[in-house]
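**Student:** Structure of the sequence below:
(2 chains)
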Amino acid sequence: MPSIAESFFGGLGRRTLAALKGIHEVSKLINTTFYWFLVSPFKGKPIRLRASISEIVKAGYNSVPIVAVISLFVGIILALQSAYQLKRVGALIYVANLVGVSITRELGPILTAIIVAGRSGSAFAAEIGSMKAAEEIDALVSMGINPVRFLVVPKLIALALMLPALTLIADAIGLFGGFLLATTALEIHPYNYFQQTVNALLIKDVVTGLVKALAFGVVITIVGAYQGFKVEGGAEEVGRRTTASVVASIFLVIVFDLFFTALFYYFT
Amino acid sequence: MDKAIEVENLVTHYGDREILKKISFGIPRGKTTVILGGSGCGKSTLLKHLIGLLKPTRGSILINGNDITSMSEDDLNVVRKKMGVLFQGAALLNSMTLADNVALPLREHTRLEESTIRIMVRMKLDLVGLSGFEGFYPSQLSGGMKKRAGLARAMALDPEFLFFDEPSAGLDPVTAAGLDELILRLRNVFKMTITVVTHELPSVFMIADYVIMLDLGEVIFAGPLDELRASGNPRIKMFLERRPETADYSPEDYFRFIAGD
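**Tutor:** This next block holds a predicted model:
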């Protein structure tokens, strides 16, 4: 029997090594993805345009309804919650400021990212994972086709473009949700509410949200692809990796959100 | 013998376990070579090394005299264009039609006109007896048809080398025999160097010119088919006569084994 100290340090060492191996693998994936995305098109290996468009449709266009409905509801909820507090100080008109700033700076990007992580991040992991299990990835390699170029780069392009685009939609519809509630239930004059929102919002608020969304798109793609490529066994592992990809990408989206929010707070 | 592929002192590990133990052999050009062996003897691993999917711990694999184990990925891709591989489950891309699957290597590696590619795809599919199935998706096909389609894709670039991983696995005897017939025809018509990994004896006797037999990670036989039949090696005889392995531990050992110490 190993002593307590032995098993403690042994376990610690094994976990550290495993974590380092994971970091190494992720950085390798990021490296190859950006090589095939940014460098190789100039060396005569073009990006797969048609596949990128089909990914854009799957990840972007098809997410519009759900993003729209959720951001509308969140806009309404936000207006109600802020009215609950602001009513007491008789400053109901400031609902517009609260809704505007929190939707564009925070809730628009993060809600979109969470929806896309659930829809597309999991789909990426499941697709690549089942291809790995069915030797399709091996087949691509044996045909001299880099699987990262073939599979990951179109997905990266799709999410890097579509997450900011969906965020813009979420911002617009979220603001409209707040507007809808404020002008009906809170009986604020539509023009006043509109004017208040315009005054409260800065271009900066929207742009920082979009920058965040771009970063979230990259995070979700890399996490989904990484979990997919990690599949070694069969269907059961595909399921496990799919779940892991959603959990990990939502977690990382929030970590990156914290990072960017802090960054923008101090440097803009 | 003109060797197309030469394996020298190949050692490979899976984790800490040694799978292939310093094996050396040659694969003759223009012939059908069967790599034979029981389950878990390392034959699928060996195939993955031959097609450059895995890097060995030590040793070298020479294809037309060039060592693929020390090549860069770009050089390896040049060699890969001369290879066609039919995987165990055919490994067709499920999101594409048969025509797109077969056209994939052509679209990726050549600058042919789309109309030329379409004609070539039809030719390849006709060669494996699947003309008219261009628009079908892999999920709409039977196991045997998938393998044929996989073969059409493997042959898309008219490779010099063709590799098969257990071609008859999961097929009924008639379909499997059809596939063997196809392999024979390819060798006779196109003079390809064909390497087949299998444990199906009927196939071996039908298609093999040259046999390499692996047992527990070592080459126990390499030579023409007739010599395999005449071999006196007990392991080979056991395999050819389909005799089960006899448990060779005593009741005391068994007791110790199940007691777990």
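
**Student:** Work out the gap between stretch A:172-191 and the centre of the chain.
**Tutor:** On the basis of C-alpha atoms, centre = their mean, to the nearest Å, stretch A:172-191 sits 27 Å off its chain's mean C-alpha point.

**Student:** Over to stretch B:21-39?
**Tutor:** Here stretch B:21-39 is found 10 Å from its chain centre; the criterion is C-alpha atoms, centre = their mean.

**Student:** mean confidence score for that stretch?
**Tutor:** Averaged over stretch B:21-39, pLDDT sits at 88.

**Student:** which parts of that stretch are buried?
**Tutor:** For stretch B:21-39, burial by neighbour count (16 or more other C-beta atoms under 10 Å in any protein chain shown) applies to B:23, B:25-29, B:31-37. Every C-beta, even on glycine, is put in place using the N, C-alpha and C of the backbone.

**Student:** Output those residues in JSON lines; the columns should cover distance to A:Ala125 and secondary structure.
**Tutor:** Output for the buried residues of stretch B:21-39, formatted as JSON lines (distance: C-beta to C-beta, whole Å; DSSP: H, G, I helix; E, B strand; the rest coil):
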{"residue": "B:Ile23", "distance to A:Ala125": "37", "secondary structure": "strand"}
{"residue": "B:Phe25", "distance to A:Ala125": "40", "secondary structure": "strand"}
{"residue": "B:Gly26", "distance to A:Ala125": "42", "secondary structure": "strand"}
{"residue": "B:Ile27", "distance to A:Ala125": "38", "secondary structure": "strand"}
{"residue": "B:Pro28", "distance to A:Ala125": "44", "secondary structure": "strand"}
{"residue": "B:Arg29", "distance to A:Ala125": "43", "secondary structure": "coil"}
{"residue": "B:Lys31", "distance to A:Ala125": "43", "secondary structure": "coil"}
{"residue": "B:Thr32", "distance to A:Ala125": "40", "secondary structure": "strand"}
{"residue": "B:Thr33", "distance to A:Ala125": "39", "secondary structure": "strand"}
{"residue": "B:Val34", "distance to A:Ala125": "38", "secondary structure": "strand"}
{"residue": "B:Ile35", "distance to A:Ala125": "34", "secondary structure": "strand"}
{"residue": "B:Leu36", "distance to A:Ala125": "38", "secondary structure": "strand"}
{"residue": "B:Gly37", "distance to A:Ala125": "35", "secondary structure": "strand"}
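
**Student:** These: which two are farthest apart?
**Tutor:** Spatially, the most separated pair among the buried residues of stretch B:21-39 is B:Arg29 and B:Gly37, at 22.6 Å (C-beta to C-beta).

**Student:** what would the buried residues of stretch B:21-39 look like in TSV with distance to A:Leu186?
**Tutor:** Listed next are the buried residues of stretch B:21-39 as TSV, based on distance: C-beta to C-beta, whole Å:
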residue	distance to A:Leu186
B:Ile23	80
B:Phe25	83
B:Gly26	85
B:Ile27	81
B:Pro28	86
B:Arg29	84
B:Lys31	85
B:Thr32	81
B:Thr33	81
B:Val34	80
B:Ile35	77
B:Leu36	81
B:Gly37	78
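
**Student:** could you dump these to a markdown table with distance to chain A?
**Tutor:** Compiled in a markdown table, the buried residues of stretch B:21-39 are given as follows (distance: C-beta to the nearest C-beta, whole Å):
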| residue | distance to chain A |
| --- | --- |
| B:Ile23 | 21 |
| B:Phe25 | 21 |
| B:Gly26 | 22 |
| B:Ile27 | 17 |
| B:Pro28 | 22 |
| B:Arg29 | 20 |
| B:Lys31 | 21 |
| B:Thr32 | 19 |
| B:Thr33 | 18 |
| B:Val34 | 20 |
| B:Ile35 | 17 |
| B:Leu36 | 21 |
| B:Gly37 | 20 |
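
**Student:** Run a quick neighbour tally on B:Ser171.
**Tutor:** Let me fix one detail, which is that residue B:171 is Leu and not Ser. B:Leu171 has 19 neighbours, counted by other C-beta atoms under 10 Å in any protein chain shown.

**Student:** ditto for the one 4 residues further on
**Tutor:** Counted with other C-beta under 10 Å, the burial measure for B:Thr175 works out to 17 neighbours.

**Student:** which residue packs closest to B:Leu225, ignoring adjacent ones?
**Tutor:** B:Ala208 (4.9 Å; C-beta to C-beta, 6 or more residues apart in numbering or on different chains).

**Student:** again, but for A:Leu151
**Tutor:** In space, A:Leu151 comes closest to A:Ile128 once its chain neighbours are excluded; the distance is 5.9 Å by C-beta to C-beta, 6+ apart.

**Student:** I'd guessed the one you found sits against A:Phe229; true?
**Tutor:** Yes. Counting by C-beta atoms under 8 Å, A:Phe229 is a contact partner of A:Ile128 at 6.0 Å.

**Student:** pLDDT below threshold where in the chain?
**Tutor:** With no chain named, the answer covers chain A. When residues are selected by pLDDT under 70, those of chain A lie in A:1.

**Student:** look at chain B instead
**Tutor:** Where chain B drops to pLDDT under 70, the residues are B:246-249, B:261.

**Student:** swap the cut-off to 80 and go again
**Tutor:** Residues of chain B meeting the criterion pLDDT under 80: B:1, B:38-41, B:244-251, B:253-254, B:257, B:260-261.

**Student:** Okay, strands next: where are they in it?
**Tutor:** For chain B, the strands defined by DSSP state E cover B:3-14, B:17-28, B:32-37, B:58-63, B:66-67, B:83-86, B:161-165, B:193-198, B:210-215, B:218-224.

**Student:** still on that earlier bit, where's the residue nearest to A:Leu151 relative to A:Ala51, distance?
**Tutor:** Using C-beta to C-beta, to the nearest Å, one obtains 13 Å as the distance from A:Ile128 to A:Ala51.

**Student:** Pick out whichever of those two has more residues nearby.
**Tutor:** A direct count of neighbours by other C-beta under 10 Å for A:Ile128 and A:Ala51 places A:Ile128 higher, at 28 against 17.

**Student:** Name the residues of the helix or strand where that one lies that are buried.
**Tutor:** Following DSSP states H and E, one finds A:Ile128 within helix A:122-133. Across helix A:122-133, burial judged by 16+ other C-beta under 10 Å covers A:Ser122, A:Ala123, A:Phe124, A:Ala125, A:Ala126, A:Glu127, A:Ile128, A:Gly129, A:Ser130, A:Met131, A:Lys132, A:Ala133.

**Student:** Might you report the residue contacts of the residue nearest to the fifth one when sequence neighbours are not counted?
**Tutor:** Beyond its immediate neighbours in the sequence, the residue positioned closest to A:Ala126 (C-beta to C-beta, 6+ apart) is A:Thr242, lying 4.7 Å away. Contacts here follow C-beta atoms under 8 Å, 6 or more residues apart in numbering or on different chains; on that basis A:Thr242 touches A:Ser122, A:Ala125, A:Ala126, A:Gly129, A:Gln227.

**Student:** Farthest pair within those residues?
**Tutor:** The most widely separated members of the contacts of A:Thr242, counting by C-beta to C-beta, are A:Ser122 and A:Gly129 (10.1 Å).

**Student:** and the gap between A:Val153 and B:Gln140?
**Tutor:** Distance, A:Val153 to B:Gln140, by C-beta to C-beta: 29 Å.

**Student:** neighbour count winner among the two?
**Tutor:** Neighbours per residue, other C-beta under 10 Å: of A:Val153 and B:Gln140, the larger number sits with A:Val153, 27 against 12.

**Student:** Sticking with the more buried one, tell me its helix or strand.
**Tutor:** Using DSSP H and E, A:Val153 falls in helix A:153-184.

**Student:** Now do that helix: which elements does it pack against?
**Tutor:** Helices and strands touching helix A:153-184, by 3 or more C-beta pairs under 8 Å, 6 or more residues apart in numbering or on different chains; DSSP states H and E, are helix A:49-59, helix A:64-86, helix A:95-102, helix A:108-116, helix A:190-200, helix A:203-229.
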